[in-house]
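>>> pasting the sequence and the predicted model now:
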Amino acid sequence: MLKLKHLTTYCVLIAVVLVIVYLANFSHASLSDNTSDWGAWGSYVNVGISLISISLIYITYKEQQKSNKIARFEEHYHVALKTAGELFERKKKIIKDSYNRIENHFRNPFDPLTDYTQRNTKNVLGYYYSSAVFDVQQECDEVFRYFYTALNSIKSSPIIDADEKDRCYTEMSCLFSEEARILLLFWGYNKEIDLSDYYNEGMFRTSIINNKALLNIVKFACIGERPKKEKVDTENIDLEDYSNEEFKDTYNRLFNNKNKQQ
């Protein structure tokens, strides 16, 4: 579709084509003093002006249609977002408590050598959600249903570009806490609504939550990526004075001894 910003180029192109056609047919002739010839020339020019006018009307109509659709999207999106935000504020403590129950299941690191599958992992996360909200399920479901509606309206909208969608995702990430967004993912798995695609949009990636095991499981469930196996766990190194240790001894202590234990 011709864009409004390209209208000037389009008009110039029409004018150039008309001039080329005119020169190809009449450049060999001298200027006429016949009134009818000038009338024919005026009609010829009017063809180009008419084409430009029709194009302008068409483009304006299409742009107005697009503006109306964007306005309707913004209205529906912000209504859903506002409703979800108001519900979240009222249920903030419930959501925080439910998240804490879920986080309690992730005390040990995610071993990358396990044979976990994405499908089964998602099922477990959905189960954790139902267990965590068993006494407040209706309240939590209400919040996340509106949250999901707002997210889905962004993803499925054909009338906003990628940059505008990124802006909306960022707006939602700022409005809802990290705990709420993680809990939303678990809610989706519980309801068989896979929200994994939103991981790459930044909805479930956070540097605030201080639970590496949980975040690694979330990453694996969403995109299938396991954490890299750490060869040295610096947190478990004995707190002894190794300041004068030779390189060979350090290497053997950190790697060879550990391999023997395994």
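Thanks, I have it.

>>> ok, residues contacting stretch 106-122?
For stretch 106-122, the surrounding residues in contact (Cβ atoms under 8 Å, 6 or more residues apart in numbering) are 189, 194, 196, 211-214, 216-217, 220-221, 224, 226-229. Just so you know, the C-beta spots here come from the backbone N, C-alpha and C atoms, and that holds for glycine as well.

>>> where does the record place the domain boundaries for this structure?
By the record's domain assignment, the chain is partitioned as 4-65, 73-223 (the TED database).

>>> quick one: end-to-end length of the longest one, please.
Going back to what we said before, that points to domain 73-223. 29 Å (Cα to Cα, to the nearest Å).

>>> for the protein, what spans make up the helices?
With DSSP state H, the ranges of helices along the chain come out as 7-26, 35-90, 92-103, 118-132, 137-155, 162-175, 178-190, 212-223, 247-251, 257-261.

>>> pipe those helices into JSON lines and attach mean neighbour count per row.
Putting these into JSON lines (neighbours: other Cβ atoms under 10 Å) gives the following:
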{"stretch": "helix 7-26", "mean neighbour count": "12"}
{"stretch": "helix 35-90", "mean neighbour count": "13"}
{"stretch": "helix 92-103", "mean neighbour count": "17"}
{"stretch": "helix 118-132", "mean neighbour count": "17"}
{"stretch": "helix 137-155", "mean neighbour count": "19"}
{"stretch": "helix 162-175", "mean neighbour count": "14"}
{"stretch": "helix 178-190", "mean neighbour count": "23"}
{"stretch": "helix 212-223", "mean neighbour count": "19"}
{"stretch": "helix 247-251", "mean neighbour count": "10"}
{"stretch": "helix 257-261", "mean neighbour count": "10"}
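
>>> take those and write them to CSV, including distance to residue 205 and mean pLDDT.
Supplementary listing: these in CSV, determined by distance: least, Cβ to Cβ, whole Å; pLDDT from 0 to 100:
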stretch, distance to residue 205, mean pLDDT
helix 7-26, 42, 69
helix 35-90, 19, 77
helix 92-103, 16, 92
helix 118-132, 16, 91
helix 137-155, 15, 88
helix 162-175, 9, 86
helix 178-190, 9, 93
helix 212-223, 8, 91
helix 247-251, 35, 70
helix 257-261, 31, 50
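
>>> from the centroid of this protein, which residue is nearest?
The C-alpha lying nearest the average C-alpha coordinate of the chain belongs to residue 201 (Cα atoms, centre = their mean; 3.4 Å).

>>> so what's it closest to, chain neighbours aside?
The shortest distance from residue 201 to any non-neighbouring residue, by Cβ to Cβ, 6 or more residues apart in numbering, is to residue 169 (4.5 Å).

>>> thought that neighbour was touching residue 198?
Yes: when contacts are counted by Cβ atoms under 8 Å, residue 169 is listed as touching residue 198 (7.5 Å).

>>> phi, psi for the residue nearest to the centre of the chain please.
Summarising the backbone geometry of residue 201 under the convention degrees, to the nearest 10, its torsions are phi -90, psi 0.

>>> ok, it - contacts?
With contact set as Cβ under 8 Å, 6+ apart, residue 201 has these partners: 165-166, 169.

>>> and those as CSV, adding distance to residue 151?
Shown next, in CSV, are those (distance: Cβ to Cβ, whole Å):
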residue, distance to residue 151
165, 10
166, 13
169, 8
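
>>> and of the residues you listed, the nearest to residue 71?
residue 165 (16.6 Å; Cβ to Cβ).

>>> much appreciated, bye for now.
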